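Visitor: need a structure here:
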Amino acid sequence: MFFPNQRQVIIKREKVTDVRDNGRAYLNAYVDNIFQAAQDLSGTAFKVYIYLLANKNFYKLEYSPSYIHKILGISIESGRKALNELIEKKYILENESYPHQFTFLETPTLIQDDNGEYIEILNLMNELKYTDKKNKKEIINQLKQLNQKIENLE
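Guide: I've put the predicted structure just below:
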C-alpha cells in the first residue's frame, strides 16, 4: 500500500530461539490486541501495558510504581496513574476477594464476550488458590457451572 510521503522501513529483529535463551524474556502476543491497546491508552499506560504483557500467562508479579519508574523511566506518579487508567479501561481487574490483588487482561474484550462470566471465573480461580480443602469442592463446582454457561454462549 502506498501513501504520499511514506517511507519504507525494513525490520531487522533478533531471532528468539527459546524462552530460556540467556534468561531473557520475549513478548508473544496478538498484534491486533497491541494495536487496540495503543489506541485505547495514553503513552504511559501503554508502556505499562507492554511491561505487563511481556510476562507469561498467570505469572504473579508485584506492581510497584517505584520499580516501574526504574525499569520504564516514567515518574512514580505516572506509574500510579497508569495503573488507574488500566483499571478504568478494564485492562486490569480488581479482585473483590483480595483488595491488593489484580488481574491483567491482554484485551478488555475478554470480559465483554462472556457477559461478565470471565471476571467471576478469575475471582473464583484466585479464591481456589487461597482457600482451605473444605471450600475447594464448592469453588470447583461453581467454576464448572460457569464454564458450562460460557460454552452455551458459543
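
Visitor: Could you use CA atoms for every contact and neighbour count after this?
Guide: Fine.

Visitor: Which neighbouring elements make contact with the biggest helix by length in the chain?
Guide: The residue-count maximum for a helix in the chain (DSSP state H) belongs to helix 133-153. Helix 133-153 is packed against helix 117-130, with contacts defined by 3 or more CA pairs under 8 Å, 6 or more residues apart in numbering; DSSP states H and E.

Visitor: re the thing from before, go through the longest helix of the chain and flag the buried ones.
Guide: Across helix 133-153, burial judged by 16 or more other CA atoms under 10 Å covers 136, 139, 143, 146.

Visitor: Which pLDDT value belongs to the second one?
Guide: Residue 139 is assigned a predicted lDDT (pLDDT) of 77.

Visitor: Just want to check the distance between it and residue 6.
Guide: 56 Å (CA to CA, to the nearest Å).

Visitor: Next: the third one.
Guide: Computed as CA to CA, the residue 143 to residue 6 distance reads 51 Å.

Visitor: Tell me which residues are up against the strand or helix carrying residue 36.
Guide: For residue 36, the host element (DSSP states H and E) is helix 31-40. Helix 31-40 has contacts (CA atoms under 8 Å, 6 or more residues apart in numbering) with 46, 49, 89, 106, 107.

Visitor: Kindly confirm my reading that the first one forms part of a strand.
Guide: What that stands for is residue 46. No - going by DSSP: H, G, I helix; E, B strand; the rest coil, the assignment for residue 46 is helix, not a strand.

Visitor: can you count the residues close to it?
Guide: Counted with other CA atoms under 10 Å, residues neighbouring residue 46 total 19.

Visitor: Much appreciated, bye for now.
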